[in-house]
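Engineer: build the 3D model from these lines:
(2 chains)
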Amino acid sequence: MDGIHDLGGVQGFGKVAHKANSVAYRPVFHEPWEHLAYSLLFLGADTLKVFNVDELRHAIERLDPRQYFASPYYDRIVAGTASLYVEKGVLSHAELEALAGGRFALARPQGLGRPARETRPPFEVGDRVRVAGAFVPGHTRMPGYVRGKHGTILHRTGVKWPFPDAAGHGRPAALEPTYHVEFKGSDLWGETAEAASVVVDLWEGYLDKA
Amino acid sequence: MSGPILEQAPVADRARALEAALRRRHLVPEGFVEDFTRLMEQDWAPENGARVVARAWVDPGYRDLLLKDGTSACAQFGYVGPQGEYIVALENTPTLQNVIVCTLCSCTAWPVLGLPPDWYKSFEYRARVVRESRSVLREMGLDLPPEVDIRVWDTTAETRYMVLPFRPAGTEGWDEAKLASIVTKDVLIGIARPDPAAGGTGGGLRGGGY
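Structural biologist: Got it, this is the predicted structure:
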């Protein structure tokens, strides 16, 4: 989906609040509840297996855009994780709000997602490819800034993973390799490009031979 | 930042509510949160990636393995686990700087880099580094000469990247521990280069685990 999370290349943001090598990264967590976000996410995804990480990403994408932007990172993880526990019928929204002592905003409803395409011959390193001009209403891992763009294959992964546009909706997902596709900076951003190239890791189903 | 959509119980209360709801259904195994938090706070750390880099600098055979099969190379140190299932090392040269981002969310090679730092997850970094790459690096303190190309890697699938910096001059004869001490979290993400002047200091911010 062309959601608020798809931030690559969006203009208007200010400086990154960081100077290289200026801060220690410990403590890892800054608030006494933050460790719960990933812990309860991985409890659901790895141990209980009631949802997968693609679904978690999509749940966060489905937060109201105002909530997405106003919430700190680990708050978004909590909101997305809670949304899935409720959607999967493990917990109830009312009980969460009762325990929290107030409103507990969850993700907006999801659609059906889409299956992977039929298997085609794999691409090879050096192949020129074009990112399919797909406008996907549900979860996808194709950032909008490469839609329809031409690039060159640098690498095909030796492992295959579930097609996220299906897996992110909890439906059966075909396994596909992903490709490290290099795009010339100028093909993405014209003469204003500041990177020589941007490499995006794309599932096979997002690509066509150029 | 007001309006009904954002009026919620405080996030600390919502996180605790989610935990409490799962616990009263006996869905949280004994010690699960504590064990997972220990992994996040202690086991997954940029010092791991630094050891990998230092080994690659002194051992050409290991360097070759790291560039060919980063996952196996990291596994030799025991650096395995979630978000580290397919690790690819990106080799810098004096004329190429690799930089890692996740524009869609926050994907990072946890076992070798540790959890992503706050700035990496910021909207500013995610939006700008693919486009205003050189400016963003300069603002954060890495002012690259024009002859150095920037290649940005967007972590949009299951590959998890780490940057392999080139070994700086002035580090001849250093042992692996001293070499590792100049490979910070920011160096492994690609927004900084190793600084030989910081080698082996062992204290201050670097002791806090970049």
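Engineer: quick one: the helices in chain A?
Structural biologist: Secondary structure of chain A (DSSP state H): helices located at A:34-42, A:53-61, A:65-70, A:73-87, A:93-100, A:164-167, A:185-189.
Engineer: in a markdown table, list these along with mean neighbour count, distance to chain B and mean pLDDT.
Structural biologist: C-beta coordinates here come from the backbone N, C-alpha and C atoms, glycine included. Formatted as a markdown table, these follow (neighbours: other Cβ atoms under 10 Å in any protein chain shown; distance: least, Cβ to the nearest Cβ, whole Å; pLDDT from 0 to 100):
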| stretch | mean neighbour count | distance to chain B | mean pLDDT |
| --- | --- | --- | --- |
| helix A:34-42 | 23 | 4 | 98 |
| helix A:53-61 | 24 | 6 | 98 |
| helix A:65-70 | 16 | 5 | 96 |
| helix A:73-87 | 24 | 4 | 98 |
| helix A:93-100 | 17 | 4 | 98 |
| helix A:164-167 | 26 | 8 | 98 |
| helix A:185-189 | 18 | 5 | 98 |
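Engineer: make TSV out of these and add distance to residue B:47.
Structural biologist: Shown next, in TSV, are those (distance: least, Cβ to Cβ, whole Å):
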stretch	distance to residue B:47
helix A:34-42	20
helix A:53-61	26
helix A:65-70	33
helix A:73-87	23
helix A:93-100	37
helix A:164-167	32
helix A:185-189	33
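Engineer: select, out of those helices, the one closest to residue B:155.
Structural biologist: Set against residue B:155 and scored by Cβ to Cβ, the helices of chain A come closest in helix A:53-61, at 12.0 Å.
Engineer: got the contact list for that closest one?
Structural biologist: A:1, A:3-5, A:41, A:44-45, A:68, A:76-77, A:79-81, A:83-84, A:87, A:107, A:110, A:138-139, A:162, A:164, A:167-170, B:104-105 (Cβ atoms under 8 Å, 6 or more residues apart in numbering or on different chains).
Engineer: ok, stretch A:109-127 next?
Structural biologist: Here stretch A:109-127 has contacts from A:58-59, A:62, A:87, A:129, A:136-139, A:152-156, A:163, A:165-166, A:168-171, A:173-174, A:176-177, A:179, A:203-205, A:207, A:209-210, using Cβ under 8 Å, 6+ apart.
Engineer: and these, which of them are buried?
Structural biologist: With neighbours counted by 16 or more other Cβ atoms under 10 Å in any protein chain shown, these contain buried members at A:58-59, A:62, A:87, A:129, A:136, A:138-139, A:152-155, A:163, A:165-166, A:168-170, A:173-174, A:176-177, A:179, A:203-205, A:207.
Engineer: strands - which of those land there?
Structural biologist: A:129, A:152-155, A:176, A:179, A:203, A:207 (DSSP state E).
Engineer: between these, which is nearest chain B?
Structural biologist: residue A:203 (6.4 Å; Cβ to the nearest Cβ).
Engineer: my guess is the closest one meets residue A:160, correct?
Structural biologist: No - using Cβ atoms under 8 Å, residue A:203 is not in contact with residue A:160, being 9.4 Å away.
Engineer: pull up the overlap in contacts between those two.
Structural biologist: Common neighbours of residue A:203 and residue A:160 (Cβ under 8 Å, 6+ apart) are A:176-177.
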